[in-house]
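Colleague: With the sequence up front, the predicted model follows.
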Amino acid sequence: MVTLPPYLEANRLEAGCDEVGRGCLAGPVVAAAVILPQDFSNPWINDSKKLRKSQREELVDEIKNSAIAWAIAEATVEEIDQINILNASFLAMKRAIQQLKVEPEHLLIDGNRWKSDLSYPYTCVIKGDGKFASIASASILAKVHRDNFMESLALEFPHYGWETNAGYPTKIHRAGIENFGKTIWHRTSFQLLPKQMMLDLK
């Protein structure tokens, strides 16, 4: 098992940033930012998608307790529909960075693009959640937060399988849309069904 390094450059306060939920049909996009100490080491910290749900949940408290600073933020369904999912992802990450209680000196952004009016220098890292512990930690915090939120929504909207698919376009989710229509949590700017149809709000 490979332990991910906590930083790109030593002796610099780096905030790892990542988001989850871009490919979902419903729910907000959630981002997190995490600043880890230089000596942080945990072999279990990795890309959240490579971890079991129980592993992610167990790591949340350790990340929060070990981090110099951490924050979670989101962009709403309405914002996603207004400014598109890519810009909404940037907005959620910006909000998470702004909520950090310690100001970072550098940002490590998961992915190949970053757009913001923040003045921090940054480095984009493709598949960064599998390369740096700070980005991986952000991905874990964001995913656990979002999954829990979608599970709670599933109690009110039980026809879409959100407790297991978190809003992603699974067969159960799309069958729910076809049979029961869209909800206030669905992204109307997305193609909700393979053959897009007009759906009444239910």
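Modeller: Sure, I can see it.

Colleague: Please name every helix or strand in contact with the helix ranked longest in the chain.
Modeller: Counting residues, the longest helix in the chain under DSSP state H turns out to be helix 133-156. With contacts taken as 3 or more C-beta pairs under 8 Å, 6 or more residues apart in numbering; DSSP states H and E, helix 133-156 sits against strand 14-20, strand 29-35, helix 53-66, strand 69-75, strand 106-110, helix 162-165. (Glycine included, C-beta is placed from N, CA and C.)

Colleague: wait, what's in contact with Phe190?
Modeller: Residues counted as contacts of Phe190 (C-beta atoms under 8 Å, 6 or more residues apart in numbering) are Leu25, Ile85.

Colleague: Please report phi then psi for it.
Modeller: phi -100, psi 160 (degrees, to the nearest 10).

Colleague: wait, Ile45 sits on Ile135?
Modeller: No. Contact criterion C-beta atoms under 8 Å: Ile45 and Ile135 do not qualify, at 9.8 Å.

Colleague: Which one's more surrounded, those two?
Modeller: A count of neighbours by other C-beta atoms under 10 Å puts Ile135 above the other of Ile45 and Ile135, at 31 against 27.

Colleague: what's the distance between the more buried one and Ala32?
Modeller: Distance of Ile135 to Ala32, computed by C-beta to C-beta, to the nearest Å: 10 Å.

Colleague: residues bridging contact with the two, i.e. touching both?
Modeller: Residues touching both Ile135 and Ala32 (C-beta under 8 Å, 6+ apart): Cys17, Asp18.
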